[in-house]
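Student: whatever this is, show me its structure:
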Amino acid sequence: MTPDQLAQLFPLGPDSLKQTGVAEGRVEKHTFNRSRIYPGTVRDYWVYVPAQYRPARAACVLVVQDGHDHLFSGRWNLAVVLDNLIQQRAMPVTIGVFINPGKIPAANSGGKERDNRSLEYDTPGDRYARFVLEEILPEVEQRYRLRQDGNSRAIFGGSSGGMCAFNAAWSRPDAFQRVVSEVGSFTPMRGGHTLAAQVRLHEPKPLKIFLQGGAQDLDVVNGNWWTANLDMLSALRYAGYEVNHVWHEQAGHNEYHCNMIAPDALRWVWAGYPKRPVAGRGSKQPIVQLLAPQKTWREGAVPERRAPHQVVTKDGRRYVAETSRNRVVLIDAKGVSRVVAKLPKPVALALTPDEAQLVIATADGSETRLAVIAPAGRLTAVEPYFRRIDHEAHPSGRNVAVAVAEPGWVITAMERAIQFNHSNGLPSGKMPAPSSEPITNLFLAGPKRDVLWVAAGDRWYYRKLRLLESLWC
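Tutor: Have a look, this model is predicted:
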C-alpha cells in the first residue's frame, strides 16, 4: 500500500493532534557521550516535561527508544499525545525520556561511524536497562524529580526498540513494569526469539504489557515478525500476564498503525495507576503450581548444611565430585575410593529419591548429567540429561548445586536463577534468586523435603514447595 493509502486506513485520532486548551509541555535536547556501559558511544536524548510537573512532587517516567523519531518523525510527535493524555488524567504526570541509539564516531577522517542500535536494542539481558538506569536517568534526575518504583515507570518502543522495551522490563521489573511494544522484533537477530520461551518458563513478573503488530509485518532472513509477536502474546497469556494487543491484517512494519493506536496503548498501560500490575493471575505454568501459597522468599537460619560436591547413600557409600581432577569418586563404607566417572569439572551431586541414579552438575553450566548407579556403585549411562535454559543477563558459567525432590524432578542452581526440570529431563520452570547476590548453594529440607533452602551471598533463604507428581503440562 502507498503512504497515502496507509494514512487513510490508519488515521490519527484526536489524542494525537494538538487540542485547544491543552497545556503544552516543553522538550529539551541533550547529548550523552560518556557511557561506561556502551563505551565510545555518542547519542542525543530529549526530555519531555509536562506543563503539570511541579518540583515538589516526583513525576512518573516514560522511556522511549528511537527518541528523535518518536518525537519528530512523520506522524509520531508523542509529546502531543502526552500533553493530551496527561491533561485528561488518562496518564499521571509523566516525564518522558526519549533516547536515541548510540553511535561510535569513526576514528579516522572520512571513516564511517558505527551504528550501535541493533547491539543495544536486539540483545537479551540487562545491559540496556542498566544503561538507562545507571547513566541516563541520573542525568535527568539532576534537573527533575523522578519516581523510583517500577510501577511508576513505563518503557516504549517500536521494532527493535519494542523488543528492547520488553527486554528492559523483563530484565529489571523492579525498574519498569509498564511496556508498550509496537511491531516488536522478537526474532533471532540477537536472541529476541528466546524471550517467549523464557516467559513460559519463568515465575511470572509484575508486568503490564501492550503489543501491536500486523499480518503484513516483515518476513525476512531474520524471522517472521508477525508470528513472533503472536508467539509472545501466547506465552504471556499462558503465564498469566496482564497483556493487551491490537493486530490488523493490513498493518506492516511501519509507523502508520503504530502511531494511530499509540494513545490507546499508553492509556491502557497506565489505566488503574497507582494500582500495581498483577503477576501470574490464571497462569498455567508448572512453576506457579508448585509454589505454596507463601509465594515469597524468607530469610532464615539454615537448619542443616550440606556440601554440594558430595552425597551419601543409605548404606554409607559416598560420592565425591573432585572438580580440579575432572572426576567423580566413590568411597565405600570401609574408606576405599575409586574413580567411577571422568567428566569436565563436576561441581555438585544429588541422588534421586530411590538412589538408583546420580545427578551431576558440571562447571560449564550448560548441561546437568544423569548417571545410572550400577551394582557395586559404579556409574553407567552418563548422559547430559538436564539442559540448562538460561538467557538471563548474568550467565554464571557454572552450576553450583543441584537437588532432587521426592517426585523425581531436579532443581538446579545458577548464579541468578533456579531452574526446575521434569524427571524426563525437560525444563519446566525458573524462579529468580532470592537476592541480588549470586547463588552459592541449595538443598531440600523438612520431613517431606518440600522446603527449598538457597544460599545467596552470606545469607540463607527458604521457600515452601508443593510436591507435584509431575512438572510437565
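
Student: now do the strands in the stretch 201-350 of the chain.
Tutor: Assigned by DSSP state E, counting those that start in this stretch, the strands in the stretch 201-350 of the chain fall at 208-216, 219-220, 223-224, 242-252, 298-299, 310-312, 318-322, 327-331, 337-342, 346-351.

Student: which elements pack onto the fifth one?
Tutor: Contact analysis of strand 298-299 by 3 or more CB pairs under 8 Å, 6 or more residues apart in numbering; DSSP states H and E lists strand 459-464 as its packing neighbours. Every C-beta, even on glycine, is put in place using the N, C-alpha and C of the backbone.

Student: flag the shaky bits of the stretch 201-350 of the chain, pLDDT-wise.
Tutor: 294-295 (pLDDT under 70).

Student: Gln65 and Phe131, how far apart?
Tutor: Note on Gln65: its distance to Phe131, by CB to CB, to the nearest Å, is 11 Å.

Student: give me the more crowded residue out of the two.
Tutor: More neighbours surround Gln65 than the other of Gln65 and Phe131, with 27 against 21 (other CB atoms under 10 Å).

Student: just checking, the more buried one touches Met163?
Tutor: No: here Gln65 does not reach Met163: they are 9.3 Å apart, not a contact under CB atoms under 8 Å.

Student: between those two, what contacts are shared?
Tutor: Counting by CB atoms under 8 Å, 6 or more residues apart in numbering, the residues touching both Gln65 and Met163 are Tyr121, Gly157.

Student: does Asp450 touch Arg463 like I think?
Tutor: No: look at Asp450 against Arg463 with CB under 8 Å: they stay out of range, at 10.0 Å.

Student: which stretches of the protein form helices?
Tutor: Secondary structure of the chain (DSSP state H): helices at 3-9, 67-72, 78-87, 117-121, 127-131, 137-141, 160-171, 194-201, 225-238, 255-270, 286-289.

Student: please work out which of those helices is packed deepest.
Tutor: Comparing the helices of the chain by mean neighbour count (mean count of other CB atoms under 10 Å), helix 160-171 comes out on top with a mean of 28.

Student: CA atoms only: put it into CSV for me.
Tutor: What follows is helix 160-171, C-alpha atoms only, in CSV (Å, rounded to 0.1, in the frame of the first residue of the first chain):
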residue,chain,number,x,y,z
SER,A,160,13.9,-3.4,17.7
GLY,A,161,13.0,-0.7,20.1
GLY,A,162,9.9,-2.7,21.0
MET,A,163,12.0,-5.8,21.7
CYS,A,164,14.3,-3.5,23.8
ALA,A,165,11.4,-2.1,25.8
PHE,A,166,10.1,-5.6,26.7
ASN,A,167,13.6,-6.9,27.4
ALA,A,168,14.4,-4.0,29.7
ALA,A,169,11.3,-4.6,31.8
TRP,A,170,11.8,-8.3,31.7
SER,A,171,15.4,-7.9,33.0
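
Student: from what I see, Gln216 and Trp247 are in contact.
Tutor: No: counting by CB under 8 Å, Gln216 stays clear of Trp247, with 10.7 Å between them.

Student: next one: Ala271 from Asp231, what distance?
Tutor: Applying CB to CB, the value for Ala271 to Asp231 is 26 Å.

Student: could you dump the helices of the chain to JSON lines with distance to Leu468?
Tutor: Converted to JSON lines, the helices of the chain look like this (distance: least, CB to CB, whole Å):
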{"stretch": "helix 3-9", "distance to Leu468": "49"}
{"stretch": "helix 67-72", "distance to Leu468": "46"}
{"stretch": "helix 78-87", "distance to Leu468": "45"}
{"stretch": "helix 117-121", "distance to Leu468": "38"}
{"stretch": "helix 127-131", "distance to Leu468": "33"}
{"stretch": "helix 137-141", "distance to Leu468": "42"}
{"stretch": "helix 160-171", "distance to Leu468": "26"}
{"stretch": "helix 194-201", "distance to Leu468": "16"}
{"stretch": "helix 225-238", "distance to Leu468": "18"}
{"stretch": "helix 255-270", "distance to Leu468": "34"}
{"stretch": "helix 286-289", "distance to Leu468": "6"}
